[in-house]
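Q: Build me a model:
(3 chains)
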Amino acid sequence: MKTGYVFTFLRKHWGIIATLVGISLFFGLSSQYFFTFYNLLNILNHTTITLILAMGMVFVLASGGIDLSVGSTLGFTGVATALILKAGTPPLLAALCGIGIGALIGAVNGTIIAKFHLQPFIVTLGMLSIVRGLALVFSNGKPIYGFPGIFTTFFAGHVGIPTNIYLTIAIVAFGSIVANKTRFGLYAKSIGGSEASAHICGVNIPLIVILIYVQSGIFASITSFIYMSMMDAAEPLAGLLTEWLEAIAAPIIGGNSLSGGIITIFGTIIGALILATVRSGLNIFGVQPFYQQLFIGLIIIISVIADSIRQRRSRLSRERVVT
Amino acid sequence: MRKKLLCSLIALVLLGFAVPIAFASSEEKAPEKVVGGKMSKYLPDQIGEIPVPSKRWRIGCLEKTLINDFWLDMKNGYEDAEKEYGVDIDIYAAPSEADILIQKQILDDMIAKNYDLICVSPITDTNILAALKTATQRNIPIINVMDAYISPEAQKKHGIKIASFVTTDFAENSRLATRFVAEKLGKEGGEIMHIMGLPGGRAAEERKRGYLEEVAKYPQLKNIGVWPGDWDRKKSMDIAADVIQSHPNLRAIIGANDTTGLGAYQAVKNAGKTNQILVAGIDAIPDAIRSVMNDELVCTVPFMQYQSAYIAIESAIQILEGKFDPANREIWVYQEVWHKGNIKDKVAEYKEQFSGLKDF
Amino acid sequence: MAETSLLEMHDINKSYGGIHALKGVDLDLRVGEVLGLVGENGAGKTTLMKILCGIEKPDSGRIIVGGEEIRIHNPHHAQELGIAMIPQELVLVPEMTVMENIFLGREKTGSVRFLRKNVMMDETKRLLEDLKCSYINPADMVGFLPKADQQLVAIARRILQGGKAFIMDEPTAALTERETRNLFEIISTRLCASGRSVIFISHRLEEVLKISNRICVLRDGNLITVLEAAADMDKKTLIFHMVGGEIKDEFPKIEVKRGKEVLRVEDVTFSTNQGGIVKDINFSVHEGEVVGITGLVGVGKTELGQTLIGVRDLLSGKFFIDDKEVAINSPVKAVELGFGYVSEDRREEGLVLDLQSLHNMTINSLDQVSNRFVLIKSRENKLGEGIAKRLSMKKEFLQMEAQQLSGGNQQKVVVIRQIVSNSRIIIFDEPTKGIDVAAKSEVSRIIGELSREMKAILLLSSEPREVLGISDLIFVLSKDGMEGPYPRGTLDYEQLMAIEFGAHKKV
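A: The predicted structure is shown next:
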């Protein structure tokens, strides 16, 4: 039974595990600097921001939606939290305020999507712009500097390894529990898999959808704390593009589907690691930044193609001949 | 599930220790024979002699981005110095100037490569502080080349050691332009104004400072104000048009850069006051150079990105060879005014340093 | 009433836009019985069931559940009342496991609100065991199960939700004989024996006869009869009641002398949407000939059309055009070969709703109304005038935007498009579905016009009268394969129905 479980697990994920190992081996063999403790830690460190955002995104994707506004939410909650901190608010309270703001943005997203039956793509695209605008307005377009040491140490300090790695592990564990152990996780999947089915089984679809986006907003605000602690500044332009793009790409690479119904936390972790590894490896390899963009894009497209093939295959097997 | 993750991570790490052993000490190259020690190409008086590198030093250079001529010129500066002095240089850059986190991550990765020295042009004052701290902890000397400036206070707060700061002085840009205009106006003097860039940005604020400082030196000049043109041609034109209306005796406009200056000149031309009002620009972009040649803009002051990069490498070699003069912790690149009288010669002289001059 | 009724429907009326779908229908479902519901396509079965499930609201009539008169607000309300619909297209979450699907909305959680998977797993196992299908692994993903097992999962879910009246719409459409037998056993020994009731809707009359305690026959929105005991029920009687005898001449036929063979299909095999396979189809179509292929809904007619125009994969077999073998692997190729296709779903596929009907008519044949680069208005108008004259239509009709037209007129536009185009072989899939009687005969007249132009026409229709009315040759597709050809005039309506429902021995 136990070995059977390991076997099915490996069979489900062998593709991306092999990809990660392959990429790592390639870079490791090409450069002596790749497999060093420092660099491997670097990769983990770089994974954190993508991964926390992705923990919100997997549930959004599972429900058949998409949240393009997480990058802007990251920028704005950072700016807002920074202003609250600068006003002399205790760090813990300021962080809670920041989380509240993130949750509020998510709630607006979710409410509009659920109540007006609008495309998540359009709604969150609009929100992307609105929230970025707020970030620029509140910050006057300039970074905000100078936070209490306890804040930055908590979110991007160093206790053996960077503290944001501990935080990420905690959040990923949380996400994994929510996905596998709670009704919320199941309902998120059921909405994306077959909204009709969720509906006739009495799932409160609007509530779940709102909560999904609230969760995404909360994770975005936690990410912003790490971000501003890493930079020692709250940048109104934080999370402009790459961050949220990778937050969507990592789950997709990991086997979550754009059309919903699936949550794989493990896959998402590997997806984020693949992205960070490729970035780091290409840097160490000395590849020009323009080509790096190209590589990352290729990986994303290949995994989306893999996703569509996967879907087609499962659809075929569903239509499997019975006569 | 978490257990699996842990297992695979451990496997990865183990693999990581196995491979470098196989590859250790494979990449050390013997120092090549290089040309003898020579004087600094652009700042011989200040920097002095550049020693012959004792080995092929590996230097990593991190730019903001590579998407416009400015940063490409800088890349050329690095690479020409690489050829000249016989060191190994790798150039890195973030995809765009908005990728502040990516730039930090790239620097993290560069540190993993154990460069002998790293040159950085940070996108913001703070975005790469954390990585620079790691570099300092790992005893990698850092040269801050242009733009965002890691101040001594910030260095102290974050435990960072910047060996040298090489830059073109923004304030000096506008000082030179203002001085040239002042001399052109002579004893008569008159009303003068400045259209600044986007307020808050370092370049804009510094150039405003330089302008104000220089204007104060000439009693015959009357500063009627500084307006924000946000680096925008149209906005600068509108501002200039308004001021020309309200100040009929205006004699000169100092633009915060060429775009601003060209906008202002358009307003002057529309008002038919090209004989009365002098307009100066800064940066020497091709449009402005043509304009100076046509006797429209009175002058422009080129920004020395190429030389900054070149000089950064010269300093790097001095630092690595232990021949660095601590007095050179801040190096201001030499700059000069290009005007109708000298612009043809200057264009010919600097053709190699500015991609924008190729068409002349 | 002697036996206790689980639910009763009295005097149900429902009309859509002036067409009476249900006229005073009464129905009662007794505890522990299987009530068969039969009728030809469009007789009102689906509407009646939609009303019972709260999807549609009746114009008038009463519904009584458990002795109380009730208004059913929505599907969820119906479910709470114990009315458990198991639709033909199963509503399950394919990406989730059997257990998750069964418990969806009714998960068991522990004290910290974590899911108690073990408890649910055990209960699922017990439930499946009860349904005699313990071979289904509760941890398997539903999407990967065969259709029959998915159906059992859907039934299990309904049982868990407290379903009392199970409505099964064509439950056996995708099942093998063995699976069907298994399902019947579950219905009689598991559902009915425990006091649950089943409304069994099917086109397979022998199955209805076998499983049902009583059978309701609907025709044209009327309840024709309820056949009580097994003794007076046989297929012939059923079909007699379903058909009702009289046939109206709604489908005028234009006689054309046929020309040479255009299309020949040999041993073609393809799969259906329901997951079945249709094997070894053979027929040919000549110039000026209308070949009608009929059969019940879901038997594979649409899929045959899709296979012919390259939308669906050809599993085996050959196509010949002008006696030359051709490969049709994409719709583009099909158009090149001279195929024209009028789909069942004109709004989705056929029409550009924002365009004028004239533009919609010429959209397939722009080379006729343009030079290389631009459309020539006058040519287009001239073409339109010609059509209007020939088909005696009003000119204003051509200027209207397609979305302003009624369904029947929209359909006319799509059909006329084929007159304009250069297609030689035209496939019509349910050309008169969902349009009123007048429009129906209008559309079949236009199809006749097409055959006059010596186009080869393949008519795929589940409307027996239409097929009988305008086809030169008739094939009947059923789950046993394709029968025919029956030349025009050799079949009457009852015979055709008998073949469709499989009550007929091969001639």
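
Q: Let me see the ranges of the helices in the stretch 301-450 of chain C.
A: Using DSSP state H, counting those that start in this stretch, the helices of the stretch 301-450 of chain C run over residues C:301-308, C:331-336, C:357-362, C:366-369, C:377-390, C:395-399, C:407-420, C:437-452.

Q: give the contact list for the spatially most central residue of chain B.
A: Central residue check for chain B by Cα atoms, centre = their mean: the C-alpha nearest the mean position is that of residue B:146, 4.1 Å away. When the contact criterion is Cβ atoms under 8 Å, 6 or more residues apart in numbering or on different chains, the partners of residue B:146 are B:74, B:121, B:166-168, B:305, B:308. For the C-beta atoms, the positions are set from N, CA and C on the backbone; glycine is no exception.

Q: re earlier: export the helices of the stretch 301-450 of chain C to JSON lines and tack on mean neighbour count?
A: JSON lines is the format used below for the helices of the stretch 301-450 of chain C (neighbours: other Cβ atoms under 10 Å in any protein chain shown):
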{"stretch": "helix C:301-308", "mean neighbour count": "23"}
{"stretch": "helix C:331-336", "mean neighbour count": "15"}
{"stretch": "helix C:357-362", "mean neighbour count": "24"}
{"stretch": "helix C:366-369", "mean neighbour count": "15"}
{"stretch": "helix C:377-390", "mean neighbour count": "15"}
{"stretch": "helix C:395-399", "mean neighbour count": "15"}
{"stretch": "helix C:407-420", "mean neighbour count": "23"}
{"stretch": "helix C:437-452", "mean neighbour count": "20"}
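
Q: Can I get those helices in a markdown table including distance to chain B and mean pLDDT?
A: Below are these laid out as a markdown table (distance: least, Cβ to the nearest Cβ, whole Å; pLDDT from 0 to 100):
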| stretch | distance to chain B | mean pLDDT |
| --- | --- | --- |
| helix C:301-308 | 42 | 87 |
| helix C:331-336 | 39 | 84 |
| helix C:357-362 | 44 | 75 |
| helix C:366-369 | 44 | 67 |
| helix C:377-390 | 43 | 76 |
| helix C:395-399 | 47 | 71 |
| helix C:407-420 | 50 | 75 |
| helix C:437-452 | 59 | 77 |
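
Q: and of those helices, who's closest to chain A?
A: helix C:301-308 (11.3 Å; Cβ to the nearest Cβ).

Q: interface residues of the stretch 101-250 of chain B facing chain A?
A: B:101-102, B:104-106, B:108-114, B:124-127, B:129-130, B:158, B:198, B:200 (Cβ under 8 Å from any Cβ of the partner chain).

Q: Residue A:219 is in what secondary structure piece?
A: Assigning secondary structure by DSSP states H and E places residue A:219 in helix A:205-231.

Q: Flag every buried residue along that helix.
A: A:205, A:208-231 (16 or more other Cβ atoms under 10 Å in any protein chain shown).

Q: thinking again about what came up before, how many residues are close by the closest residue to the residue nearest to the centre of chain B other than its chain neighbours?
A: The shortest distance from residue B:146 to any non-neighbouring residue, by Cβ to Cβ, 6 or more residues apart in numbering or on different chains, is to residue B:167 (4.7 Å). Using other Cβ atoms under 10 Å in any protein chain shown, residue B:167 has 21 other residues around it.

Q: Residue C:92 too?
A: Neighbour tally, residue C:92, other Cβ under 10 Å: 26.

Q: Next, it: secondary structure please.
A: coil (DSSP: H, G, I helix; E, B strand; the rest coil).

Q: So it is in contact with residue A:198, correct?
A: No: the pair residue C:92 / residue A:198 is not scored as a contact, 10.6 Å apart, by Cβ atoms under 8 Å.

Q: got any ranges where the stretch 1-150 of chain A has weak pLDDT?
A: Scanning the stretch 1-150 of chain A for pLDDT under 70 picks out A:1-4.

Q: Kindly state the domain boundaries assigned to chain C.
A: C:5-243, C:261-351+C:422-500 (automatic domain parsing).

Q: How about the last one and chain A, touching?
A: Read it as domain C:261-351+C:422-500. Yes: Domain C:261-351+C:422-500 is in contact with chain A by Cβ under 8 Å from any Cβ, via C:271, C:273, C:275-277.

Q: Show me how to select, in ChimeraX, the buried members of those residues.
A: Provided next is the ChimeraX selection string for whichever of these are buried by 16+ other Cβ under 10 Å:
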select /C:271,275,276
